[in-house]
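A.B. asks: Let's see this in three dimensions:
(one chain, ligands or ions: 1)
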Amino acid sequence: MVRPSRHIITSLRLSHFRSHHQVQIGLDGRPVVLFGANGAGKTNILEAVSLLSPGRGLRRALAEDLIRRPEAIGWKIAAQVSTDAQVYEVDLQAEPGQPRQTRIDGKQLPQTALARLVRVLWLIPAMDRLWIEGAEGRRRFLDRATMSFTPDHAEITLAYEKAMRDRNRLLKDGVRDAHWYAALESQMARFGAEISLNRRNALEVLQDAQQSTVADFPTGALSISLPDGAVAPENPDDLRAALAESRPRDMAAGRTLVGPHRVDLEAIFVRKDVPAKHCSTGEQKALLISLILANARALHATTGAAPVLLLDEVAAHLDAERRKALYDEITALGAQAFLTGTDRNLFTDFGSRAAVYQVAETQAASLVEEATL
Ligand SMILES: Nc1ncnc2c1ncn2[C@@H]1O[C@H](COP(=O)(O)OP(=O)(O)OP(=O)(O)O)[C@@H](O)[C@H]1O
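C.D. replies: Take a look at the predicted model:
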């Protein structure tokens, strides 16, 4: 649908979205700094941008969480995404109790179509414990990176998950007859093998792109692991056979125990040879920044366009040298980054390279106003 080139969000309009009543921001492709007090609505703006890519956004919100209280009427995000040659109108909206609708240039499309239009990567405070908590967050991190390189990954993952849900229902219902499983396992094998292959390719690219890290951001040796007994082959025939073989065990567990949905992402902090989960809080955060930057650099190298980066409260955790290096890297990549912080002084190194907005909450509504550093 869309050829690779630089896609910039040139306008963002929020209506009745989270804490924002009506907000309109015009953007010119420069990095965007949003500063303001706690609770002013900065992350809510980043969340709106994150929803311009498939999935539930950076907070994994449900459609009803996004409805502005107390009015409780439908929310809308309207964005213009521009390339050198074309402007796309993206409209997302949901009425209370209704699923989210996605329109590109007025045409209703599945959410997964967004993956080909805007590539969005984010780092938010909730990810500070990414290396420590359960595998699900790390899998999502891996899949977001994978989707940025292979936009089809979003659709393939949904198709795999649908087939797996249907298979899990059979398992829970105690269905034994093999022929009920065969078609679903074929689908899981086809999509699941593709998921594994896409992820491996993404990991290799990420690994390579980390070689030129800036300002001593740590390098992570990345690998995929699986819990005991689980497999996730890249060959569809092997995955089909593994699924068939696992049926008795799966029936006892009431769910599918083999396949790419069990994968975990591991990282070793190379310089110290320590697993990321044992690194200091600052090191863990720096490792994530380094991976996001590597991802952006690799995308820039392969497609000519850097992704949109959402960096929520990242600057406050970096020392002055790394902060400067981060801003220099963002500028060098030409990435449209959205950065938040409570203190505008954290961003002075950007100078005029960034567009700056103050976000404030008044009794009647939130305000987003142009400011200077
Ligand atoms: N559905 C909703 N309707 C109205 N207000 C909401 C809704 N969801 C969240 N909020 C409000 O949005 C505000 C939080 O906004 P946000 O997370 O963007 O803050 P922030 O500016 O990033 O703050 P911080 O610096 O503390 O992270 C809170 O005041 C919260 O009560």
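
A.B. asks: Pull the number of nearby residues for the residue in the stretch 51-200 of the chain that the ligand sits nearest to.
C.D. replies: Using C-beta to the nearest ligand atom, the single residue of the stretch 51-200 of the chain nearest to the ligand is residue 69, 3.8 Å away. In this view, the C-beta of every residue, glycine as well, is placed from N, C-alpha and C. When neighbours are counted by other C-beta atoms under 10 Å, residue 69 registers 9.

A.B. asks: Next, the contact list for the residue in the stretch 151-300 of the chain that the ligand sits nearest to, please.
C.D. replies: At 15.7 Å from the ligand, residue 285 is the closest residue in the stretch 151-300 of the chain, using C-beta to the nearest ligand atom. Under the criterion of C-beta atoms under 8 Å, 6 or more residues apart in numbering, the contact list for residue 285 reads 128, 314, 317.

A.B. asks: now do 10 Å
C.D. replies: Contacts for residue 285 (C-beta atoms under 10 Å, 6 or more residues apart in numbering) come out as 123, 125, 127-128, 130-131, 218, 279, 314, 317-318.

A.B. asks: Out of the residues you listed, which end up buried?
C.D. replies: Burial by neighbour count, 16 or more other C-beta atoms under 10 Å: within the contacts of residue 285 this picks out 123, 127-128, 130-131, 218, 279, 314, 317-318.

A.B. asks: Downstream of the strand or helix carrying residue 243, the next helix or strand is which one?
C.D. replies: Element membership for residue 243, per DSSP states H and E: helix 236-253. Scanning forward in sequence from helix 236-253 by DSSP H and E, the next helix or strand is strand 264-269.

A.B. asks: Note down every partner strand of that following strand and its orientation.
C.D. replies: Here strand 264-269 has these sheet partners by DSSP bridges: strand 220-225 (antiparallel), strand 274-275 (antiparallel).

A.B. asks: what's in contact with that strand?
C.D. replies: 130-131, 134-143, 145, 199, 203, 218-227, 230, 274-280, 283-284, 286-288, 290-291.

A.B. asks: how close does residue 46 get to residue 9?
C.D. replies: Remark: distance between residue 46 and residue 9 (C-beta to C-beta, to the nearest Å) = 12 Å.

A.B. asks: Make sure residue 234 is indeed in a strand.
C.D. replies: No: read with DSSP: H, G, I helix; E, B strand; the rest coil, residue 234 is coil and lies in no strand.

A.B. asks: Which of the contacts of residue 285 fall within strands?
C.D. replies: Among those, the members found in strands (DSSP state E) are residue 123.

A.B. asks: wouldn't residue 348 be in contact with residue 341 here?
C.D. replies: No: using C-beta atoms under 10 Å, residue 348 is not in contact with residue 341, being 11.3 Å away.

A.B. asks: list residues touching both of the two?
C.D. replies: Both residue 348 and residue 341 are in contact with residue 33, where contact means C-beta under 10 Å, 6+ apart.

A.B. asks: Compare those two (neighbour count), which wins?
C.D. replies: A count of neighbours by other C-beta under 10 Å puts residue 341 above the other of residue 348 and residue 341, at 19 against 13.

A.B. asks: how far off helix 236-253 does the longest helix along the chain point, in degrees?
C.D. replies: For the chain, the helix with the greatest residue count under DSSP state H is helix 178-209. Angle of helix 178-209 versus helix 236-253, following axes from the mean of the first three to the mean of the last three C-alpha atoms, to 10 degrees, is 120 degrees.
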